[in-house]
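Trainee: A structural model of the following input is requested.
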Amino acid sequence: MTTAPLFIKRRWSGCNRLPELFSLTRARTTTKAAAIGTLLVLVCISARHACAQDSRTSDSAFAPIDKYLMDQNTEIDMARSAAPASISSNAEILVLGRKGYDTAVKGTNGFVCYVERSWTADIDDPGFGSPKLRYPICFNPAAARSYLPITLKKTELALGRPSKSQMFAALRVMFDNRELPSPEAGSMCYMMSKQAIFDVSGDHGGPHLMFFYPPTSGMAFGAGLKGSPVLVHQDVEDRLTVFVVPVSKFSDGSDAPKDEH
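Mentor: Numbering: from 1, shown residues only. Sure, this is the predicted structure:
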């Protein structure tokens, strides 16, 4: 699940220069060059080891389950803050338990609100797996039927504590086998909470709506064009396109900071 509008991806690219460094060791055959080459090889081995360490660290995605759990009443209130009270007060509310999400409050309007955890973030999101992140979200009925199952499956996998690569490999197989749905027509969600935490620095982000489509060109909504209020995120892992529309107010009616929309 994307956490738009935070789409900027950060990658550490130090490992990409290893072939270039190794090629330098073959440049000369003199004793001096050989010594330099040996040194470069040692540097490369050290760099490769650092890359491997970085990969293992980033792949060990999940903290102990207790780190993700919340007081139930606090979680219910946070989940409801995803959408205006006219919607969330009659929505079904889910809360996270040790075995997955459970229904804490029965709803009557077909909407489902809950607090996503960071295992719904993109695979290369720096905050993936962090227990600090909280994404209050409220799905309309179409998204509750066709997008919520993806979140529930991600949660089931995450609570089994796989590596990140194992988790996404399992999801790819499920999508290939059509075990996970494509978004229904009209699928959307509200993310208008002041309480959201979108990254490890504690950024609350800005209120926005998201609309889910099967893979679609951004031009379908004129997304990303000059003056257009619509953003687009091509979510390759979840095999869908997310159109994002920032809004000017949080769910409690207060104004969003101008630089957040």
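
Trainee: make it CA atoms for all contacts and neighbour counts henceforth
Mentor: Noted.

Trainee: can you give me the buried ones in stretch 247-254?
Mentor: Residues of stretch 247-254 classed as buried: Val247, Ser248, Lys249, Phe250, Ser251 (neighbour count, 16 or more other CA atoms under 10 Å).

Trainee: all strands for this structure, in order.
Mentor: With DSSP state E as the criterion, the chain has strands at 92-97, 100-105, 112-116, 135-139, 188-191, 208-213, 231-235, 240-246.

Trainee: just checking: what are the partner strands of the fifth one?
Mentor: Spelled out, it's strand 188-191. strand 135-139 (antiparallel), strand 208-213 (antiparallel) (DSSP bridges).

Trainee: out of these, which is the most enclosed?
Mentor: strand 135-139 (a mean of 27; mean count of other CA atoms under 10 Å).

Trainee: run the chain-centre distance for that strand.
Mentor: 13 Å (CA atoms, centre = their mean, to the nearest Å).

Trainee: what's the mean pLDDT across that strand?
Mentor: The pLDDT scores in strand 135-139 average 98.

Trainee: what's in contact with it?
Mentor: Contact with strand 135-139 is made by 3, 78-83, 88, 111-118, 148, 187-193, 195-198, as judged by CA atoms under 8 Å, 6 or more residues apart in numbering.

Trainee: about what we covered before: let's have the strands paired with strand 188-191 in JSON lines, adding distance to Pro162.
Mentor: Shown next, in JSON lines, are the strands paired with strand 188-191 (distance: least, CA to CA, whole Å):
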{"stretch": "strand 135-139", "distance to Pro162": "22"}
{"stretch": "strand 208-213", "distance to Pro162": "27"}
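
Trainee: and the ones you listed: which comes nearest Asp102?
Mentor: Smallest distance to Asp102 across the strands paired with strand 188-191 (CA to CA): 15.2 Å, for strand 135-139.

Trainee: send me that closest one as PDB with only the CA atoms.
Mentor: C-alpha atoms of strand 135-139 as PDB (Å, rounded to 0.1, in the frame of the first residue of the first chain):
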ATOM      1  CA  TYR A 135      -1.400   5.100   8.600                       C
ATOM      2  CA  PRO A 136      -5.100   5.700   9.600                       C
ATOM      3  CA  ILE A 137      -7.100   4.800   6.500                       C
ATOM      4  CA  CYS A 138     -10.800   4.400   5.700                       C
ATOM      5  CA  PHE A 139     -11.900   2.300   2.600                       C
END
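
Trainee: I'd say Arg117 and Gly127 touch.
Mentor: No: using CA atoms under 8 Å, Arg117 is not in contact with Gly127, being 10.2 Å away.

Trainee: the closest residue to Thr151 other than its chain neighbours: how many residues sit nearby?
Mentor: Closest residue in space to Thr151, ignoring its immediate chain neighbours: Thr120 at 6.6 Å, by CA to CA, 6 or more residues apart in numbering. Using other CA atoms under 10 Å, the number of residues around Thr120 comes to 22.

Trainee: gap between Thr120 and Arg161?
Mentor: Relative to Arg161, Thr120 is positioned 14 Å away (CA to CA, to the nearest Å).

Trainee: got a pLDDT number for Ala144?
Mentor: What the model reports as pLDDT for Ala144 is 98.

Trainee: what's the local residue count around it?
Mentor: The number of residues packed around Ala144, counting by other CA under 10 Å, is 21.

Trainee: excluding its backbone neighbours, what's nearest it?
Mentor: Nearest residue to Ala144, sequence neighbours excluded (CA to CA, 6+ apart): Val112, at 6.2 Å.

Trainee: can you check Met174 too?
Mentor: Of all residues not flanking Met174 in the chain, Leu180 sits nearest, at 6.1 Å (CA to CA, 6+ apart).

Trainee: what do you get for Met210?
Mentor: Excluding its sequence neighbours, the residue lying closest to Met210 (CA to CA, 6+ apart) is Val244, at 4.6 Å.
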